[in-house]
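coords please:
(chains A and B, ligands or ions: 2)
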Amino acid sequence: MFAITVENLTKEFGNFTAVNGLSFNIEQGEVFGLLGPNGAGKTTTMSMLSTMLKPSCGKASVNGYDILNNEDEVRRSIGIVFQDQSLDEELTAYENMDFHGRLYRLDKGIRKKRIIELLELVELADKKENLVKTYSGGMRRRLEIARGLLHEPKVLFLDEPTLGLDPQTRNHLWDYIEKLSREKGITIILTTHYMEEADKLCNRIAIIDKGSIIALGTSDKLKKDVGVDIIKIVSSEKEKLWSAVSSMPGIKNIEIHDDSLTIGLKDAEKHVVKIINMAYSRDIPIGSISIHKPTLEDVFLHFTGRTIREEEASGKEQMRMMRRLRR
Amino acid sequence: MDIIYTIWLRNLKRYIRSKSRLLGSLGMPIFLMLVLGYGLNSVVVLPGMEQGYIGFIIPGIISMSVLFTSVFAGIQIIWDKQFGFLKETLVAPVSRLEIMLGQTFGGATTAVIQGLIIFVLSLFMGLKVSSIPGFAIAIVFMILIGISFTAFGIAIASRMDDMHGFQLIINFVIFPIFGLSGALFPIDDLPLWVRSLTLLDPLTYGVEGIRYGLLGTSQIDPLICFMVLSGFTVVMVMIGSHLFRKISI
Ligand SMILES: Nc1ncnc2c1ncn2[C@@H]1O[C@H](COP(=O)(O)OP(=O)(O)OP(=O)(O)O)[C@@H](O)[C@H]1O
Ligand SMILES: [Mg+2]
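Residues are numbered from 1 along each chain as shown, chains lettered A, B, ... in the order given. Ligands and ions are numbered 1, 2, ... in the order given. Reported below is the predicted structural model:
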């Protein structure tokens, strides 16, 4: 049985289509990533799968339950960390957890035990009696993840779990998420616009842009689909090297830059020796040589013709921070 | 029941923790009680009022306190919406009706506590309660005002996305409800058109009910007060839960 099945899922706001006919299945225990730029429709998809928003058309099931006909069972099966904070800042961490446990009707004994266990897992046990308004961004995020796990959901939704966190905290959270998937076997669906995050955490990734999936597969497969590796050679005699290399078979493209030459080709590891040998035999000096495998960034560029707009994302984060300050 | 209790409990915790709000919302009623009560006590003579004008307005001030606290408590949903906490509640496998009722009872409880604080203070200002059953009657009316107007606040909050309209509601809805309620003046001798407005105001029946409970006299039959206010409460809870069910975030 699949943990999540999605068939032609669509959401329109007025005459604007935010999510356009998504179809995919997620295996149990899988970590599945929705990767895409701002406004791609990631949150809208999550909202529909978590029954917070009604799809315009299409269907989906979570943990075997239909999201339209079996709302309550879907809700019981999932834990969710929303993109924007959803804690009560006037309560302590323990009270936030306790509130959640009561909402999900956990018995008192179990509730207490699990709250302590989970707060220990996210290393907040010693701060559990502090009001959440005294917590840092990273601590809040960890608390939200712990809270999402309290009722032992089969499926965990993480909407941009590390947005706005510093790299260190981000790494820390990645470790937690990996541990969760490994030790508890929970199915995780997460959204992100950080390539690195998707690459590190996800078994499979759906790249989504303007409401549609444009590529889906393991990170390796997506990169293979792009097909070209890049060899970068620094040399004082670029032109000579250029004419020598262009005659070799299997070269897709070759470009001269300020201080280097880049060569696009398949299976770079196999060719690099040949290139070095040839340069040696013709007395062309080589300063340095490096191989670049395609990144998810290249994958995105390949499928959309655009780079994912990180700068826009950071602008949005700043706005969010400002909003928080104004409160 | 558990869910309603859970949400009620959260409301109470927040209420007890925000000392500044607690004290702040006592300011206005105490001010009115002192200024109007002592200021006009010797000027205004009400026939049949043994405890003078100050005795007359104390039930009105208590109602005011309950009214404002409960409307604020209902409107708090907007903050929960803006701060994101509402999502946490709405995505749980619980019915919206339970959430709404929890919020309503939570708000009503804090409102009644606020009313009781004013009540205790007015004992120091010379209020003499007619009887213990009378006090119980007053509490019943406070509870009804609390429930109906928290539900009213929730209904408004369900239709508002942010706090911009808040001032508007306070000035053009809540103050008129208070002003027209006969909290500060007797309604018997009013010109007919003002009197009919007053009788349309649901708070009037709350004020009169509390007045009957605390002082033993009122201008409207307490049984009628009870029936009208109960009816209003049922209608408000229905409207509130209907609108809350349709809330989207
Ligand atoms: N309630 C709504 N009404 C109208 N348009 C909406 C609504 N919610 C989302 N949209 C639009 O749908 C599109 C997709 O939004 P969504 O929040 O799903 O994007 P996202 O991929 O999560 O982006 P981000 O990385 O910024 O979180 C956006 O263009 C957004 O403006
Ligand atoms: Mg989003």
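
residue numbers of the stretch 151-300 of chain A in contact with ligand 1?
A:H193 (C-beta under 6 Å from any ligand atom). (Each C-beta comes from the backbone N, C-alpha and C, glycine too.)

all helices for the stretch 151-300 of chain A, in order.
Under the criterion DSSP state H, counting those that start in this stretch, helices of the stretch 151-300 of chain A are mapped to A:167-184, A:195-201, A:219-226, A:238-246, A:268-281, A:296-304.

and of those helices, who's closest to ligand 2?
With C-beta to the ion as the criterion, ligand 2 lies closest to helix A:195-201 of those, at 13.9 Å.

quick check: mean pLDDT of that closest one?
Averaged across helix A:195-201, the pLDDT comes to 89.

follow-up on the earlier one: just put the helices of the stretch 151-300 of chain A in TSV and tack on distance to chain B.
Output for the helices of the stretch 151-300 of chain A, formatted as TSV (distance: least, C-beta to the nearest C-beta, whole Å):
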stretch	distance to chain B
helix A:167-184	19
helix A:195-201	22
helix A:219-226	30
helix A:238-246	55
helix A:268-281	47
helix A:296-304	29
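
most tightly packed of those helices?
Greatest average neighbour count among the helices of the stretch 151-300 of chain A goes to helix A:195-201 (a mean of 21), per mean count of other C-beta atoms under 10 Å in any protein chain shown.

what's the pLDDT at A:V62?
96.

now it: phi and psi?
phi -130, psi 130 (degrees, to the nearest 10).

ok, it touching A:S77?
Yes: taking contacts as C-beta atoms under 8 Å, A:V62 lies within contact range of A:S77: 5.9 Å.

more neighbours: which of the two?
Using other C-beta atoms under 10 Å in any protein chain shown as the criterion, A:V62 and A:S77 rank with A:V62 on top: 28 against 20.

what's the distance between the more buried one and ligand 1?
According to C-beta to the nearest ligand atom, to the nearest Å, A:V62 stands 18 Å off from ligand 1.

kindly report the same for A:D259.
In this view, A:D259 and ligand 1 are 37 Å apart by C-beta to the nearest ligand atom.

beta-bridge partners for the nearest residue to that residue once chain neighbours are set aside, please?
Closest residue to A:D259 apart from its sequence neighbours, by C-beta to C-beta, 6 or more residues apart in numbering or on different chains: A:V234 at 5.8 Å. Note on A:V234: beta-bridge partners by DSSP bridges are A:S260, A:S288.

which ones are touching A:V234?
A:D259, A:S260, A:I286, A:G287, A:S288, A:I289 (C-beta atoms under 8 Å, 6 or more residues apart in numbering or on different chains).

do that again at 10 Å, thanks
Neighbouring residues of A:V234 by C-beta atoms under 10 Å, 6 or more residues apart in numbering or on different chains: A:H257, A:D259, A:S260, A:L261, A:P285, A:I286, A:G287, A:S288, A:I289, A:S290.

swap in B:G37?
Contacts of B:G37 were listed using C-beta under 10 Å, 6+ apart, and they are B:I30, B:G52, B:Y53, B:I54, B:G55, B:F56, B:I57, B:I58, B:I61, B:S122, B:M125, B:G126.

repeat that for B:I30.
Applying C-beta under 10 Å, 6+ apart to B:I30 gives the contacts B:G37, B:I61, B:S65, B:I117, B:I118, B:L121, B:S122, B:M125.

report the two of those separated the most.
Based on C-beta to C-beta, the longest span within the contacts of B:I30 runs between B:G37 and B:I117 and measures 16.3 Å.

what's the pLDDT at whichever residue of the stretch 151-300 of chain A sits closest to chain B?
Of all residues in the stretch 151-300 of chain A, the one sitting closest to chain B is A:H151 (8.8 Å; C-beta to the nearest C-beta). Listed pLDDT for A:H151 reads 93.

cool, the one 3 residues further on as well?
Looking at A:K154, its pLDDT stands at 93.

thought A:Q28 was touching it, still the case?
Yes: if you go by C-beta atoms under 10 Å, A:K154 and A:Q28 touch, sitting 7.9 Å apart.

pull up the overlap in contacts between these two.
In contact with both A:K154 and A:Q28: A:A3, A:I4, A:N63, A:G185, A:I186, A:T187, using C-beta under 10 Å, 6+ apart.

list phi and psi for the third one.
Read it as A:N63. A:N63 adopts backbone torsions of phi 50, psi 30, taken as degrees, to the nearest 10.

who are the contact partners of the residue of chain A found nearest ligand 2?
Closest to ligand 2 within chain A is A:T43: 3.1 Å, counting by C-beta to the ion. Taking C-beta under 10 Å, 6+ apart, we find A:T43 in contact with A:A18, A:V19, A:L34, A:M52, A:L53, A:F82, A:Q83, A:D84, A:D159, A:E160, A:T191.
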